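> I'd like to go over a predicted model; first the sequence, then the structure.
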Amino acid sequence: MRTAKITIVTPTFNRAHTLKRAFDSLLNQTFKDFKWIIMDDGSTDDTEDVVRGFQVVSPFVIEYHYSPNKHKFHTVFEGIEKVETTYFTILDSDDSYPVDALEVLYKECEKIENQDEFISIMGLSGDEEGKVVGDEYPNGGFDGSIFEMRYKYKVRGDKNGMFFTKTYQRELEKFDYSGIPKGIYIPQSVFFNVYDAKGVKTRFINKIIRNYHKDENDEASVSNTRWSGKNRYGLMLGHLSFLNAYQKQLFPYPKALLRNLIGYQMYAISQNKDFSKMIQDVKNPFIKILGVILFPFSYFYSLIKLLD
C-alpha cells in the first residue's frame, strides 16, 4: 500500500444512508495516495456497521473514531488533530468528489513553494448536475483572503478545498476553543475568520472539486436547522468573530460591517445577553460606539425576526 499524502476527514452524525456515496467517490478517485478518517459524532443509526463494511473491502486505510455528540465544530477539529499527512480535506458525509478532485488539489498544492504562507487551496462546488454553485473566482483565480473573495470580488456560493496540514495545525494550536460550547451549531468561520484576517493566504482556483447533494428532508442536516432557535448562540459567535477578526478591514465595506453588527446584536438579544457585555465583547472602539447607536434598531429588528 502506498504512503498516504492526503487525509480526508469526514465528520458524521446519523448519515449511514449517505456515507456510501462519499465512499464510492473516494474509490473512484484518479489520485490514490490517501487515507480516510471518519469522525462519528455520536450517531445512533448503523453508521459503525456501515463503516466496518467499508474497511473490509477498501483499498485505502479507513480510521473510525466514535465519540459522544458534540456537533461538527469540535468534531472536525478533533479529526484534524489526528492528521499526519502533508495535506488534508474535509468531506462532509452527504457530499462526494468528482473523480479528479484529489488529483487537481494535490497538484495545485505541490506548485506552491512557500507553503508556510498558505493554509488552503479553495476550489468550487458543483450541484448534482455538475453546475457551479454560486460564482467562479475572478481573473481565473487568485491568491488572497476569504475576506477579499467574499467582499472585494463578491463571490458567492459554497466553496471547498484542501488544506496545508502544518499551517492549519499551527493556527489551530493558537486558537483557544475550549470555552466554546459543545453539542450546538457553531460556524467554522469562528476559526476561519481569525487566520484569514491575519493574512494567511488561500489560493482560489476555478475547478469543481466537490459535488453538493441536497438532502432537504434530512433532519440531521445543519443546513436545514441552522436558523432554528437552538443555533442562535452559534450565529451570534459567528458575527462577533467576524467583527473582532477583521475590525479596520471592514470600514471600506460598510454593508458588511452593519450587517454583521446588527446580526451580532440581534442574536445576542435572543440569548438575553446583557447590553454592557454585548458592547464590551466587541474589540474595536469605533464599532463599539456604532453598536451603541444601532442597538435600538437591532432590538426592534430582533422583535420582528426572532421573537414572532
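Perfect, I can see it now. Small disclaimer: the values here were computed from a predicted structure and weren't measured.

> C-alpha only now, for contacts and for neighbours.
OK.

> right, and residue 188 touches residue 73 too?
Yes. Using C-alpha atoms under 8 Å, residue 188 makes contact with residue 73 at a distance of 6.1 Å.

> residue contacts, residue 242?
Contacts for residue 242 (C-alpha atoms under 8 Å, 6 or more residues apart in numbering) come out as 189-190, 193, 260.

> Could I get the residues you listed in TSV, plus columns for secondary structure and distance to residue 25?
Listed next are these as TSV, based on DSSP: H, G, I helix; E, B strand; the rest coil; distance: C-alpha to C-alpha, whole Å:
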residue	secondary structure	distance to residue 25
189	helix	27
190	helix	29
193	helix	30
260	helix	37
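
> Helices along the stretch 1-150 of the chain, start to end?
Per DSSP state H, counting those that start in this stretch, the stretch 1-150 of the chain carries helices over the ranges 16-27, 47-57, 72-80, 101-111, 146-147.

> and what of the stretch 151-300 of the chain?
Under DSSP H, counting those that start in this stretch, the stretch 151-300 of the chain gives helices at 165-174, 189-197, 222-225, 232-246, 254-270, 275-280, 285-305.

> Looking at those, spot the one closest to residue 60.
helix 165-174 (19.7 Å; C-alpha to C-alpha).

> mind listing what's buried in that closest one?
Neighbour-count burial for helix 165-174, counted by 16 or more other C-alpha atoms under 10 Å, picks out 165-169, 171-172.

> Between residue 188 and residue 73, which is the more surrounded one?
Between residue 188 and residue 73, counted using other C-alpha atoms under 10 Å, the more crowded position is residue 73 (22 against 15).

> quick one: the more buried one from residue 117, how far?
Note on residue 73: its distance to residue 117, by C-alpha to C-alpha, to the nearest Å, is 24 Å.

> And residue 65, by the same measure?
In terms of C-alpha to C-alpha, residue 65 sits 31 Å off from residue 117.

> still on that earlier bit, closest to residue 30 among the buried residues of helix 165-174?
Nearest member of the buried residues of helix 165-174 to residue 30, counting by C-alpha to C-alpha, is residue 165, at 21.7 Å.

> any low-confidence regions in the stretch 101-250 of the chain?
215-228 (pLDDT under 70).

> change it to 50
Scanning the stretch 101-250 of the chain for pLDDT under 50 picks out the ranges 222, 226.

> rewinding a little: as JSON lines, the helices of the stretch 1-150 of the chain with distance to residue 156 would be great.
Formatted as JSON lines, these follow (distance: least, C-alpha to C-alpha, whole Å):
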{"stretch": "helix 16-27", "distance to residue 156": "25"}
{"stretch": "helix 47-57", "distance to residue 156": "33"}
{"stretch": "helix 72-80", "distance to residue 156": "22"}
{"stretch": "helix 101-111", "distance to residue 156": "21"}
{"stretch": "helix 146-147", "distance to residue 156": "11"}
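
> Of those helices, which is nearest residue 33?
helix 101-111 (9.3 Å).

> ok now do residue 201, which residues does it touch?
Contacts of residue 201 (C-alpha under 8 Å, 6+ apart): 117-120, 143-145.

> Please repeat the previous calculation with a cut-off of 10 Å.
Contacts here follow C-alpha atoms under 10 Å, 6 or more residues apart in numbering; on that basis residue 201 touches 115-121, 143-146, 195.

> now swap in residue 183 and tell me
Residue 183 sits in contact with 41, 68-75, where contact means C-alpha under 10 Å, 6+ apart.

> Try it again at 7 Å.
Applying C-alpha atoms under 7 Å, 6 or more residues apart in numbering, we find residue 183 in contact with 69-71.

> For the residues you listed, pick the one with the most neighbours.
Going by other C-alpha under 10 Å, residue 71 tops the contacts of residue 183 with 21 neighbours.

> And the nearest residue to that residue once chain neighbours are set aside, its phi and psi?
Once flanking residues are discounted, residue 71 sits nearest to residue 183: 4.8 Å by C-alpha to C-alpha, 6 or more residues apart in numbering. Main-chain dihedrals, residue 183, degrees, to the nearest 10: phi 90, psi 10.
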